[in-house]
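Participant: build the 3D model from these lines:
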Amino acid sequence: MEKNRCKWCNMHNSLYIKYHDEEWCQPQFDDKYLLEMLILESFQAGLSWECVLNKREDFRKTYDNFDIDKICEFDENKINELISNEKIIRNKLKIKASINNAKIFKKIQNEYGTFHNYLKTFTQDKTVYETDKTTSTLSDEISKDLQQKGMKFVGSTIIYSYLQAIGVIYSHDEECFLYKNKED
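Facilitator: Numbering: from 1, shown residues only. Down below sits the predicted model:
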């Protein structure tokens, strides 16, 4: 018998099923992963997560496996290379924002020790259990702070999705086999 999954999960896409079952809403706070997800979520703006997920391996290749030091060094030649790469999302504004955001991410790491430490100043290292939302006070606060620091494509909806992706917000539907609430 097929497991019930969140209503957004495309059951015809094995990558999506694997992401839903093994990664989404699972706490993962390694800074390399946090950077990867922040960049990928920023590329989602105006698109579906499935579109981004389907291109994830190509993003990993073109973004040097999300090596922050390498991304911070991307120049106009690399930007042009990315814009011409049909295997990734070729939005020039998003590409430039990803490099800018990596530089700010690195500044935050230097200030707080890790990006996760920065996030904990908002989350107190607690998991939020909620479903059927696209923004929250938490995503509003983090989004506003990141924008004040100079990041782009980090609106509250993007940050909410990001917080779900990294396991700060746990949002599996009640009908999903992975559903749990804070009492579980």
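Participant: poorly predicted segments of the chain, please.
Facilitator: 1, 183-184 (pLDDT under 70).
Participant: spatially central residue for it, please.
Facilitator: For the chain, the residue sitting closest to the mean C-alpha position, by C-alpha atoms, centre = their mean, is Met37 at 3.1 Å.
Participant: check which helix or strand that one maps to.
Facilitator: With secondary structure defined by DSSP states H and E, Met37 is part of helix 31-44.
Participant: tell me which residues of that helix are tucked away?
Facilitator: Of the residues in helix 31-44, those buried under the neighbour-count criterion (16 or more other C-beta atoms under 10 Å) are 31, 33-44. Placement of C-beta: from N, CA and C, glycine included.
Participant: before we move on, back to that, once you drop chain neighbours, what's closest to the residue nearest to the centre of the chain?
Facilitator: Distance criterion C-beta to C-beta, 6 or more residues apart in numbering; nearest residue to Met37, sequence neighbours excluded, is Ala165 at 4.9 Å.
Participant: equivalent analysis for Phe29, please.
Facilitator: Among residues not flanking Phe29 along the chain, His116 sits closest, at 4.1 Å (C-beta to C-beta, 6+ apart).
Participant: in the helix or strand containing that neighbour, which residues are buried?
Facilitator: Taking DSSP H and E as the criterion, His116 maps to helix 115-123. Buried residues in helix 115-123, counting neighbours by 16+ other C-beta under 10 Å, are found at Phe115, His116, Tyr118, Leu119, Thr123.
Participant: got it, and stretch 172-184?
Facilitator: His172, Asp173, Cys176, Leu178, Tyr179.
Participant: now for those: which two are most distant?
Facilitator: Within those, Asp173 and Leu178 form the most distant pair, 8.8 Å apart (C-beta to C-beta).
Participant: anything in contact with each of those two?
Facilitator: Common contact partners of Asp173 and Leu178 (C-beta atoms under 8 Å, 6 or more residues apart in numbering): Arg5, Cys6.
Participant: which residues of this structure fall in helices?
Facilitator: Counting by DSSP state H, the chain has helices at residues 14-22, 31-44, 49-54, 56-62, 68-72, 76-83, 92-112, 115-123, 137-148, 156-165.
Participant: quick one, which of these is nearest to Lys3?
Facilitator: Per C-beta to C-beta, nearest to Lys3 of the helices of the chain: helix 14-22, 8.1 Å.
Participant: by contact count, what packs against the closest one?
Facilitator: If you count contacts as 3 or more C-beta pairs under 8 Å, 6 or more residues apart in numbering; DSSP states H and E, helix 14-22 packs onto helix 49-54.
Participant: who touches the helix it packs on?
Facilitator: The contact list for helix 49-54 (C-beta under 8 Å, 6+ apart) reads Asn10, Asn13, Leu15, Tyr16, Tyr19, Leu40, Glu41, Phe43, Gln44, Phe59, Ile89, Ser161.
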